[in-house]
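Trainee: My questions are about this predicted structure, shown below with the sequence.
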There are 2 protein chains.
Amino acid sequence: MTRPNSKDRELRERAEAVIPGGMYGHQSVRLLPEDYPQFFSRGKGARLWDADGNEMLDFMCAYGPNLFGYGDAAIDAAFTAQLAQGDAMTGPTGLMVELAEAMTAVISHADWAMFCKNGSDATLMALMTARAHTRKRTVILAKGAYHGAAPWCVQQPAGTIAEDKAGQVMCDYNDVASLEAAAGVAGDDLAAIFAAPLKHDAFVDQAQPSLAYARKAREICDATGALLVVDDVRAGLRIARDCSWSKIGVAPDLSTWGKCIANGHPISALLGADVARRAARRLYATGSYWFAAAPMAAALATLERVRETNYLEHIEALGERLRAGLNERAAGHGVGLRQSGPVTMPLFLFEDDPDLRQGFCFGSEMLKRGVYVHPWHNMFLCAAMTHADIDQALDAADAAFAALKAQQGTLAPVAKMSFLTA
Amino acid sequence: MTRPNSKDRELRERAEAVIPGGMYGHQSVRLLPEDYPQFFSRGKGARLWDADGNEMLDFMCAYGPNLFGYGDAAIDAAFTAQLAQGDAMTGPTGLMVELAEAMTAVISHADWAMFCKNGSDATLMALMTARAHTRKRTVILAKGAYHGAAPWCVQQPAGTIAEDKAGQVMCDYNDVASLEAAAGVAGDDLAAIFAAPLKHDAFVDQAQPSLAYARKAREICDATGALLVVDDVRAGLRIARDCSWSKIGVAPDLSTWGKCIANGHPISALLGADVARRAARRLYATGSYWFAAAPMAAALATLERVRETNYLEHIEALGERLRAGLNERAAGHGVGLRQSGPVTMPLFLFEDDPDLRQGFCFGSEMLKRGVYVHPWHNMFLCAAMTHADIDQALDAADAAFAALKAQQGTLAPVAKMSFLTA
């Protein structure tokens, strides 16, 4: 069952010479099992092929962007038709207005939109809008929550200075008392509360937002004039056809979007309520490619699919089937699988697995069988997946659980995960 | 000669409702003459059409990205062929390695590359790399130089806090004594000197880099261990087939790239010398679309064109023709035109024009004649322009200078430019 990997190894060797560390960022495989491919060659629908031509059913979906399938014909046709007319030009096209209208129509709390490229652009603009609006400095963040890779929010300190995180107060997600204490520390200087739509931190179980926590965040903002920001870059459109917190009835003032809003074409967005409009217009935020038209055409086609199909119910049904089927098979093999998060964004961890040796073994066994799962990051379902795909994943898991069970007592420590147990 | 603008006006009205201020960033026309279009519909070669179908010869080239012509057939074919294979996936393709190899082969100071999306991403990563490398904090910047729209470097304060600019010491571009004084202030805490490849600030005459200044920057970095950064996002590939400072024989440790490196497809880059490699690998820098393959295919096709054609000599010849022709025609009409910057990136200002009323008048007169020039920002030539295009611009300028001369004594103040004279 060994899959060829000579092209991947050759590319890694060449990359080592011309890219620091051979790769960087969230798509580096440095913290994944050794047999995971670093380089890919093709994607179609729910499937990927690595550089050596090995096919896999992909449960990472490009870390989110793939919502309707890689290379979706209609969305890519909208993109390429606009590309032939004009993409990055000396100004925007009317599509930018159409897209702002379409997004504010779909996202109920939003009255306006600003488009950018990275998710980090959108979260930074949310921070700046809140500070411009309130003319205050302090922002409350939840410990361990990911809001991007900019110095103000990145968790790794290399290259940052202490001042990059000035004005930040941390709380524990879903802990009302902790949120109140943070607001107490902020006093009359609170500019914003940032919230992930759910607890989707890496390495730990996911958690749905507690209604009490979300309401308390809204209440503190209403009382102080601070802005409530829901960072929907990762979860957006996989929880609701709206801001993810619409499911629990709490409306933010600002929300941030990216990844799947154009099915993988590069665009992100800050959406806001009227209260923040005057502040947003004072920002100087821009980028060389922010006004490019082709990704906006793709986003319009994606939003049409969001509005007019049952994609959400479909991926929820797939996710339920996957969750139930995995629980059943894991139990049948006596393996302590722990699934968390929304069924459309599952995370798999194992009981008694502090250095993830079981997770790494399971991932490798799945990959041998043509299914790509992640051992410590939430995954993503896409609407191009079918019930037959889920059954393929369940069959692979059945064999992978058996293989894990057989090796369970003899698994070697995972040295690259030692930071988790230090 | 009035050009239709009803569609532009209608789009502006709709935009006002759903985009803060109707538009934001560098492509907002807020600081341009009233008759400049905000919205465009099409681009091809060196030409743009606005939302109302008015054609124009475009000397902004998307603020830089358009180096080989809008919708270049070969570059876009490379892009769309890769798009059909896979773009944003769960990992990069081998094209990322090829592109790092190609860029480090073309840019002589560079041993490694990291790719990102915005120019601002690349300059921020340069800052972080320098701080990680030196474990020091202070950076020297030139007053008024643009290095992006992030809080650490943005010139407008809305939404930023004082700490965003912690550790910065300012100097005057091309002023050796000022640079030495800044280094004195930095003392033993210097992490980096940032330099634009030329003085290309808005609203003022451009200036070539002084050799003494560039050498002094290199010398200070060599003496202190700080990193020298040349920010080539704007000027890159329009000055040299290499880092722009290769023309004056000064090699930086880091250079930043964007805009035209994939002829408008979204990708930017940080390039570095070996000395900074270990620091760069410690950064956590990433983005949802940074590893996408299609812009990398476009960048490879663009670099091939850079290496294998005389595009640079061609745009230099066009630029010389434009500069000489404009000087001759301006003089013929007794108009005090001041041209500055490299001929491939010209800036037009007028004598005795503190609120730009002459520049605005000239711009509007050119636009009436189908030529888009900018009244206060450097412009860009592209290789799709022909000598006939330059002659068209010169004919338009001849008439525009005449019209300017006729109105010169009666031009109204430009209220939106009053900040320049405050």
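Mentor: Cool, the structure landed.

Trainee: any idea how far the residue of the stretch 301-422 of chain A found nearest chain B is from A:Gln392?
Mentor: Relative to chain B, the nearest point of the stretch 301-422 of chain A is A:Tyr372 (6.7 Å; C-beta to the nearest C-beta). Yep, even glycine has a C-beta here, placed from its N, CA and C like the rest. Between A:Tyr372 and A:Gln392 the computed distance is 12 Å (C-beta to C-beta, to the nearest Å).

Trainee: got it, and A:His265?
Mentor: 28 Å.

Trainee: more crowded one of these two?
Mentor: Each of A:His265 and A:Gln392 has its neighbours counted (other C-beta atoms under 10 Å in any protein chain shown); A:His265 has more, 28 against 17.

Trainee: Isn't the more buried one up against A:Tyr289?
Mentor: No: using C-beta atoms under 8 Å, A:His265 makes no contact with A:Tyr289, being 11.2 Å away.

Trainee: Run through the helices of the stretch 51-200 of chain A in chain order.
Mentor: A:73-85, A:94-106, A:119-134, A:176-186 (DSSP state H, counting those that start in this stretch).

Trainee: OK, contacts around whatever residue of the stretch 201-350 of chain A ends up closest to chain B?
Mentor: Chain B sits closest to A:Thr286 of the stretch 201-350 of chain A, with a gap of 2.8 Å, by C-beta to the nearest C-beta. In this structure, A:Thr286 makes contact with B:Tyr24, B:Gly25, B:His26, B:Gln27, B:Ala149, judged by C-beta atoms under 8 Å, 6 or more residues apart in numbering or on different chains.

Trainee: Now list the buried members of those.
Mentor: Buried members of the contacts of A:Thr286, counted by 16 or more other C-beta atoms under 10 Å in any protein chain shown: B:Tyr24, B:Gly25, B:His26, B:Gln27, B:Ala149.

Trainee: and chain A, which of those residues reach it?
Mentor: Subset of the buried ones among the contacts of A:Thr286 in contact with chain A: B:Tyr24, B:Gly25, B:His26, B:Gln27, B:Ala149, counting by C-beta under 8 Å from any C-beta of the partner chain.

Trainee: and which of those residues is nearest A:Lys368?
Mentor: Nearest to A:Lys368 out of these is B:Ala149 (C-beta to C-beta; 46.0 Å).

Trainee: which one is the closest one nearest to, not counting chain neighbours?
Mentor: The shortest distance from B:Ala149 to any non-neighbouring residue, by C-beta to C-beta, 6 or more residues apart in numbering or on different chains, is to A:Thr286 (4.8 Å).

Trainee: Distance check, that neighbour against A:Glu34.
Mentor: Using C-beta to C-beta, A:Thr286 is found at 42 Å from A:Glu34.

Trainee: ok, back up a step: pull up the overlap in contacts between A:Tyr372 and A:Gln392.
Mentor: Common contacts of A:Tyr372 and A:Gln392 (C-beta under 8 Å, 6+ apart): A:Leu57.

Trainee: Would you check how far apart the residue nearest to B:Ala149 and A:Asp111 are?
Mentor: A:Thr286 sits 21 Å away from A:Asp111, going by C-beta to C-beta.

Trainee: same check, this time on A:Arg321
Mentor: From A:Arg321 to A:Asp111 the distance is 38 Å (C-beta to C-beta).

Trainee: ditto for A:Gly45
Mentor: Per C-beta to C-beta, A:Gly45 is found 36 Å from A:Asp111.

Trainee: A:Asp391 too?
Mentor: According to C-beta to C-beta, A:Asp391 stands 44 Å off from A:Asp111.

Trainee: With neighbour numbers in mind, choose between those two.
Mentor: Legend: neighbour count by other C-beta under 10 Å for A:Asp391 and A:Asp111, higher for A:Asp111 (17 against 13).

Trainee: So A:Ala262 sits against A:Ala298, correct?
Mentor: Yes: counting by C-beta under 8 Å, A:Ala298 is a contact partner of A:Ala262 at 4.1 Å.

Trainee: For A:Gly94, give its distance to chain B.
Mentor: The gap separating A:Gly94 from chain B is 5 Å, by C-beta to the nearest C-beta, to the nearest Å.

Trainee: hang on, that residue packs against B:Arg9?
Mentor: No: applying C-beta under 8 Å, one finds A:Gly94 not in contact with B:Arg9, separated by 12.0 Å.

Trainee: average pLDDT for stretch A:64-72?
Mentor: Mean pLDDT, stretch A:64-72: 98.

Trainee: gap between the two ends of that stretch?
Mentor: End-to-end distance of stretch A:64-72 (C-alpha to C-alpha, to the nearest Å): 15 Å.

Trainee: got a list of contacts for it?
Mentor: Surrounding stretch A:64-72, the residues in contact under the criterion C-beta under 8 Å, 6+ apart are A:43-48, A:58, A:61-62, A:75, A:233-234, A:237-238, A:259-260, A:263-264, A:302, A:305, A:311, A:380, A:382-384, B:83-84, B:86, B:88-89, B:288-289.

Trainee: likewise stretch A:214-226?
Mentor: Contact with stretch A:214-226 is made by A:130, A:134, A:136, A:176, A:179-180, A:183, A:186, A:188, A:190-193, A:195, A:227-228, A:245, A:248, A:250-253, as judged by C-beta under 8 Å, 6+ apart.

Trainee: Return a ChimeraX selection command for the buried portion of those residues.
Mentor: The ChimeraX selection below is limited to those of the contacts of stretch A:214-226 classed as buried (16+ other C-beta under 10 Å):
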select /A:130,134,136,176,179,183,186,190,191,192,193,195,227,228,245,248,250,251,252,253
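
Trainee: what separates A:Ala100 from B:Glu13, distance-wise?
Mentor: Separation of A:Ala100 from B:Glu13 (C-beta to C-beta): 13 Å.

Trainee: Let me fix that, I meant to ask about A:Val176.
Mentor: 44 Å.

Trainee: Spell out, range by range, the strands that occur in the stretch 301-422 of chain A.
Mentor: Counting by DSSP state E, counting those that start in this stretch, the stretch 301-422 of chain A has strands at residues A:337-340, A:347-350, A:371-372.

Trainee: partner strands of the last one, parallel or antiparallel?
Mentor: Same thing as strand A:371-372. Note on strand A:371-372: by DSSP bridges, its sheet partners are strand A:55-58 (parallel).

Trainee: What residues of the partner strand count as buried?
Mentor: A:Met56, A:Leu57, A:Asp58.

Trainee: With stretch A:207-224 instead?
Mentor: By neighbour count on 16+ other C-beta under 10 Å, the buried set for stretch A:207-224 is A:Pro209, A:Tyr213, A:Ala214, A:Lys216, A:Ala217, A:Arg218, A:Ile220, A:Cys221, A:Thr224.

Trainee: and the residues you listed as TSV, adding pLDDT, distance to B:Lys405 and secondary structure?
Mentor: Formatted as TSV, the buried residues of stretch A:207-224 follow (pLDDT from 0 to 100; distance: C-beta to C-beta, whole Å; DSSP: H, G, I helix; E, B strand; the rest coil):
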residue	pLDDT	distance to B:Lys405	secondary structure
A:Pro209	97	67	coil
A:Tyr213	98	68	helix
A:Ala214	98	65	helix
A:Lys216	98	67	helix
A:Ala217	98	63	helix
A:Arg218	98	62	helix
A:Ile220	98	63	helix
A:Cys221	98	58	helix
A:Thr224	98	59	helix
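
Trainee: farthest-separated two in the residues you listed?
Mentor: Spanning the widest gap among the buried residues of stretch A:207-224 are A:Pro209 and A:Thr224, at 20.4 Å by C-beta to C-beta.

Trainee: May I have the secondary structure class of the residue most central in space within chain A?
Mentor: Centroid-nearest residue in chain A, with C-alpha atoms, centre = their mean: A:Arg234, separated by 2.7 Å. Per DSSP: H, G, I helix; E, B strand; the rest coil, the secondary structure class of A:Arg234 is coil.
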